[in-house]
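Participant: from the sequence below, what's the structure:
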Amino acid sequence: EEKMEVEVQEVEKEKKDEEKEKEKKKEAEPNFQLLENPARAMPAQLKVLTMPESCRYQPFKPLHTGGIIILKDTSEEEEELVEPVSAHGPKIEEEEQEPEPPEPFEYIDE
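Facilitator: The predicted structure follows:
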């Protein structure tokens, strides 16, 4: 019986080791990542932040300064106008009627 218990424990340890190795392989992260639309950048990221040269819009000031980025249109083609889209979320027009307040009652402490 003792031999069986030892064998079972060894098999369980091997399974755990295999699972740990799989987790390590999954956790490997790339050294860098290219984002199409970086909404926010940390100060350390600003040093390496660049705009593609082929991009129609280029920033007025260098990107490494941070802050709000204002872009200028460098293309000679006609501007692309984007139609405004309504924001998602609850609309004021579709408000539901509030439920009526509960009937008054008397609280009796015994």
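Participant: which element, helix or strand, includes the most centrally placed residue in the chain?
Facilitator: Nearest to the mean C-alpha position of the chain, by C-alpha atoms, centre = their mean, lies residue 39 at 10.0 Å. Of the helices and strands defined by DSSP states H and E, none includes residue 39.
Participant: tell me how far it lies from residue 69.
Facilitator: 11 Å (C-beta to C-beta, to the nearest Å). From N, CA and C alone the C-beta is placed, and that goes for glycine too.
Participant: what does residue 52 give?
Facilitator: With C-beta to C-beta as the criterion, residue 52 and residue 69 are 14 Å apart.
Participant: then residue 49?
Facilitator: 9 Å.
Participant: so what sits against both of these two?
Facilitator: residue 63 (C-beta atoms under 8 Å, 6 or more residues apart in numbering).
Participant: and the residue at the greatest distance from the centre of the chain, what's its pLDDT?
Facilitator: Residue farthest from the centre of the chain, counting by C-alpha atoms, centre = their mean, is residue 110 at 54.7 Å. Note on residue 110: pLDDT of 75.
Participant: again with residue 103
Facilitator: Residue 103 is given a pLDDT of 91.
Participant: what about it, how many neighbours?
Facilitator: Burial of residue 103 is recorded as 5 neighbouring residues (other C-beta atoms under 10 Å).
Participant: again, but for residue 41
Facilitator: 16.
Participant: just give the nearest non-adjacent residue to it, would you?
Facilitator: residue 49 (5.7 Å; C-beta to C-beta, 6 or more residues apart in numbering).
Participant: gap between the one you found and residue 63?
Facilitator: For residue 49, the distance to residue 63 - C-beta to C-beta - is 5 Å.
Participant: list the contacts for residue 18?
Facilitator: Per C-beta under 8 Å, 6+ apart, neighbours of residue 18: none.
Participant: can you pull out the strands in the protein?
Facilitator: Secondary structure of the chain (DSSP state E): strands located at 57-59, 71-73.
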